[in-house]
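>>> Here's my sequence, what's the structure:
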Amino acid sequence: MSQQQIPVSHAGSLPRTPELIAANEARRVAEDGFTLERTPEFEALLTRAVVDLVQRQEDLGVTIVGDGEYGKAMSSAVDYGAWWSYSFQRVAGLEVTGEDLFTQPTVRSGPGDVKLTSFPDRRDWTIFKEAYQDPTSGISTGKNATAFPATTGPLSYTGQDAIASDIANLKAGLAATGLEQGFITSLSPGSGARISNRYYATEEEHIWAWADVMREEYKAVTDAGLIVQIDDPSIAENWDQINPEPSVEDYRAFTRIRVEALNHALRGLPTEQVRFHLCWGSWHGPHTTDVEFKHIVDLMLEIDAGSYSFEAANVRHEHEWKVWRDVELPAGKQIVPGVVSHATNVVEHPELVADRLERFASVVGAENVVASTDCGLGGRIHPQIALAKLATLGEGARIASARLFG
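Okay, the predicted model is just below:
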């Protein structure tokens, strides 16, 4: 049967329910400083929350649903950002050292010697220093930096029970709704390795160790018949965290190591069950130092995935849909452009969503487009607005589908 509609998905994180937030707040933090206990009562509440969430997604027109990252910790006690900090609770060889986002050392790069600097030394943050320090600006980082771990020993995966829970909960939601496709997000090796390395001899060795660790999680998801979404803002976001600005050639060489490590982790897995998510960090800020999509799109396509998710409603990058006029999408692959933004409280009109989808369809073919959000909506906008954005995403996809498929 030929395709009759544009599939609808999103980038992963969705707002937690008040009950789930309260339950997370009540969880005990282990002695390691970042692992949260899992009790039978919490697991039962989590399952109900994910099943209800899948139903809400279906009601709003989402056809490739996720678990909202509900199984990934979001608590004031552990608030690194659930999209990547969850991995710290599933990996051995890490230790909280007292270092935080604002006490990392400043590092300078040079030609052929690209290194990440500290978060406060990011070029976007230094250009707009006053705005980032102003609590009335809406982008202030404040004084809530949380200590996060460093690699202090050999890395190994310990999250078997946690990922099994994530899988079971999402499959329960699929069974309850009759939907067929669901996805679970998982951290990329390059993003995991952005924490301090105090054990491995080189940065590259550290990245490849993360690849071996995360492969176990990727495989668990695909073995369960689900889609694994590899969350990897590092491919694009690292550019801003290199000071001074590197040459494009040096940055591509720096990035290719991360692409190769990810492909190593994905080896042998069914590409149709792998989705890669690229973004420019997605923090609420000016983003004037973002790398241009045209400089990294071919690197993204080297990743062994069946579909590629990226920001396209973001006003800093919306114009870059035109990149696909010059870049050939490999046969059998799909793009998953964000056509609804997480960075504004304004809810996009369905006609705008449809227009954005039709642009992409005009350059890669309607059958190769999946409608999505730029990045996760959870924790970034009010839950009521997030649901309105998912609703307009579904409606916009229906409008575009009617025009494209008749």
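
>>> for the helix ranked longest in the chain, the distance to its chain's centre please.
In the chain, assigned by DSSP state H, the helix with the most residues is helix 383-405. Helix 383-405 has its C-alpha centroid displaced from the chain centroid by 21 Å (Cα atoms, centre = their mean, to the nearest Å).

>>> Please enumerate residues in contact with that helix?
Contact with helix 383-405 is made by 3-8, 10, 14-15, 56-57, 60-62, 339-340, 342, 345, 347-354, 356-358, 361, 366, 371-373, 377-378, 381, as judged by Cβ atoms under 8 Å, 6 or more residues apart in numbering. Any C-beta I mention is one placed from the backbone N, CA and C, and that applies to glycine too.

>>> Just the pLDDT for the most centrally placed residue in the chain.
Nearest to the geometric centre of the chain sits Asp231, at 3.7 Å (Cα atoms, centre = their mean). You'll see Asp231 listed with a pLDDT of 96.

>>> The stretch 251-400 of the chain: strands as residue ranges?
Along the stretch 251-400 of the chain, counting by DSSP state E, counting those that start in this stretch, strands occupy 274-278, 307-310, 334-340, 372-373.

>>> what's the angle from the helix or strand where Ile21 lies to helix 383-405?
Using DSSP states H and E, Ile21 sits within helix 18-26. Comparing the axes of helix 18-26 and helix 383-405 via axes from the mean of the first three to the mean of the last three Cα atoms, to 10 degrees yields an angle of 120 degrees.

>>> name the helices or strands packed onto helix 18-26?
Packing partners of helix 18-26 (3 or more Cβ pairs under 8 Å, 6 or more residues apart in numbering; DSSP states H and E): helix 40-59.

>>> any idea how far whatever helix or strand comes next after the helix it packs on is from the chain center?
As assigned by DSSP H and E, the chain's next helix or strand after helix 40-59 is strand 64-66. How far strand 64-66 lies from its chain's middle: 14 Å, per Cα atoms, centre = their mean.

>>> which secondary structure elements does strand 64-66 contact?
If contacts are counted by 3+ Cβ pairs under 8 Å, 6+ apart, strand 64-66 sits against helix 40-59, helix 160-177, strand 181-187.

>>> tell me which residues form a beta bridge with the closest residue in space to His277 that isn't next to it in sequence?
Excluding the flanking residues, the one nearest His277 by Cβ to Cβ, 6 or more residues apart in numbering is Ser309, at 4.2 Å. Per DSSP bridges, the residues bridged to Ser309 are His277, Val336.

>>> So Ser309 is in contact with Lys333, correct?
No - if you go by Cβ atoms under 8 Å, Ser309 and Lys333 don't touch, sitting 12.0 Å apart.

>>> Of these two, which one has the most company?
More neighbours surround Ser309 than the other of Ser309 and Lys333, with 31 against 16 (other Cβ atoms under 10 Å).

>>> So Ser156, which state does it fall into?
Classification of Ser156 by DSSP: H, G, I helix; E, B strand; the rest coil places it in strand.

>>> Surely it and Arg90 touch.
No - using Cβ under 8 Å, Ser156 is not in contact with Arg90; the gap is 10.1 Å.

>>> quick one, which of those two is more surrounded?
Counted by other Cβ under 10 Å, Ser156 and Arg90 do not tie: Arg90 has more neighbours, with 22 against 12.

>>> Now the longest helix of the chain: average pLDDT?
Helix 383-405 shows a mean pLDDT of 97.

>>> What angle do strand 334-340 and that helix make with each other?
Using the same axes, to 10 degrees: helix 383-405 against strand 334-340 is 130 degrees.

>>> and the angle for helix 383-405 with helix 40-59?
Between helix 383-405 and helix 40-59, the angle comes out at 40 degrees (the same axes, to 10 degrees).

>>> buried stuff in helix 383-405?
Using 16 or more other Cβ atoms under 10 Å as the test for burial, helix 383-405 gives 385-401, 404.

>>> and the helix or strand hosting Ala211, C-alpha only, in CSV?
Taking DSSP H and E as the definition, Ala211 sits inside helix 203-223. The C-alpha trace of helix 203-223 is given here as CSV (Å, rounded to 0.1, in the frame of the first residue of the first chain):
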residue,chain,number,x,y,z
GLU,A,203,39.9,11.7,24.4
GLU,A,204,39.3,9.4,21.5
GLU,A,205,39.7,6.3,23.8
HIS,A,206,37.1,7.8,26.1
ILE,A,207,34.7,8.3,23.2
TRP,A,208,35.1,4.7,22.0
ALA,A,209,34.6,3.4,25.5
TRP,A,210,31.3,5.3,25.6
ALA,A,211,30.4,3.7,22.3
ASP,A,212,30.9,0.2,23.7
VAL,A,213,28.8,1.0,26.7
MET,A,214,25.9,2.6,24.9
ARG,A,215,25.7,-0.1,22.3
GLU,A,216,24.1,-2.4,24.9
GLU,A,217,21.2,0.1,25.3
TYR,A,218,20.8,0.6,21.6
LYS,A,219,20.6,-3.1,21.0
ALA,A,220,18.1,-3.7,23.8
VAL,A,221,15.7,-1.2,22.2
THR,A,222,16.0,-2.5,18.6
ASP,A,223,15.8,-6.1,19.8
